[in-house]
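Novice: predicted model follows, preceded by the sequence.
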Amino acid sequence: DGGITQSPKYLFRKEGQNVTLSCEQNLNHDAMYWYRQDPGQGLRLIYYSQIVNDFQKGDIAEGYSVSREKKESFPLTVTSAQKNPTAFYLCAISGTGNTIYFGEGSWLTVV
Amino acid sequence: EDQVTQSPEALRLQEGESSSLNCSYTVSGLRGLFWYRQDPGKGPEFLFTLYSAGEEKEKERLKATLTKKESFLHITAPKPEDSATYLCAVQGPDDYKLSFGAGTTVTVRA
């Protein structure tokens, strides 16, 4: 969906380093999500937020943190506690009829 | 726990050779079943939502159908540009959450 912007597209993390992935939306939707995608596996929910200043853990929240200080922004921090962070990360928003629309994704690689 | 299983994992078709993809699911109280298309290195693109058994939806060469236990995505007379990974997901009573299958990768040869 053109109203969801993820950055950077590619990111490299050194061992022990925290990195933050950005997700911005200009669609004025309340609900935002972060998913992780690994080869050969389905998308898995990391965190979601339904309103500003509130968020909940998904299925694989360990080693990740988020904030929701503004309606349009939902950044994801991959902390050093995440032991296997190499993956494709997808930000999403919930639109009409609870349909979830995705951004273009960010690739994170540990070097 | 919601479960979604897609088959086959991969499908190779000749241009014009119609076929179907399967999505089997278990969920306590289905709110909706979603189909997405994903191109390599891109985010999933929404295709359809199905809400109740017997419902069908069409878009160009794609047609999605739903029963109480599974959904099918029929590809009629596919073209090379239909090559992609097709993802199925279900939404249960907790309407914030989608549970995804692993996807079916479709390759259409000219």
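Specialist: Perfect, I can see it now.
Novice: quickly find the element holding residue 23.
Specialist: Because you didn't say which chain, this covers chain A. Applying DSSP states H and E as the criterion places A:Cys23 in strand A:19-25.
Novice: think we crossed wires, I meant chain B
Specialist: Using DSSP H and E, B:Cys23 falls in strand B:19-26.
Novice: do that strand and chain A meet?
Specialist: No. Figure legend: strand B:19-26 not in contact with chain A (CB under 8 Å from any CB of the partner chain); closest approach 11.1 Å. (C-beta placed from N, C-alpha, C; glycine too.)
Novice: touching that strand from outside, list them.
Specialist: Applying CB atoms under 8 Å, 6 or more residues apart in numbering or on different chains, the external contacts of strand B:19-26 come out as B:2-8, B:11, B:13, B:33, B:35, B:69-75, B:78, B:86, B:88, B:90, B:101, B:104, B:106.
Novice: pairing partners for the residue nearest the centre of chain A in the sheet, please.
Specialist: Central residue of chain A (CA atoms, centre = their mean): A:Trp34, 3.1 Å from the mean position. Counting by DSSP bridges, A:Trp34 is bridged to A:Tyr47, A:Cys91.
Novice: on that earlier part again, in the strand holding B:Cys23, what counts as buried?
Specialist: Neighbour counts using 16 or more other CB atoms under 10 Å in any protein chain shown place B:19, B:21, B:23, B:25 of strand B:19-26 among the buried residues.
Novice: likewise stretch B:84-101?
Specialist: Neighbour-count burial for stretch B:84-101 [16+ other CB under 10 Å]: B:84-92, B:96-101.
Novice: quick check, distance from the lowest-mean-pLDDT helix or strand in chain B to the centre of its chain.
Specialist: Sorting the helices and strands of chain B by mean pLDDT, DSSP states H and E puts strand B:98-100 at the bottom, at a mean of 91. Its chain's average C-alpha position is 12 Å from that of strand B:98-100, according to CA atoms, centre = their mean, to the nearest Å.
Novice: direction included, what does it pair against?
Specialist: Partners of strand B:98-100 in its sheet, by DSSP bridges: strand B:84-91 (antiparallel).
Novice: and the contacts of the strand it pairs with?
Specialist: Residues outside strand B:84-91 that contact it (CB under 8 Å, 6+ apart) are A:42-43, A:98, B:2, B:4, B:6, B:21, B:23, B:25, B:27, B:30-40, B:44, B:47, B:71, B:73, B:97-101, B:103-106.
Novice: ok, now with 7 Å
Specialist: Outside strand B:84-91, the residues within contact range by CB atoms under 7 Å, 6 or more residues apart in numbering or on different chains are A:98, B:2, B:4, B:6, B:21, B:23, B:25, B:27, B:30-39, B:44, B:71, B:73, B:97-101, B:103-106.
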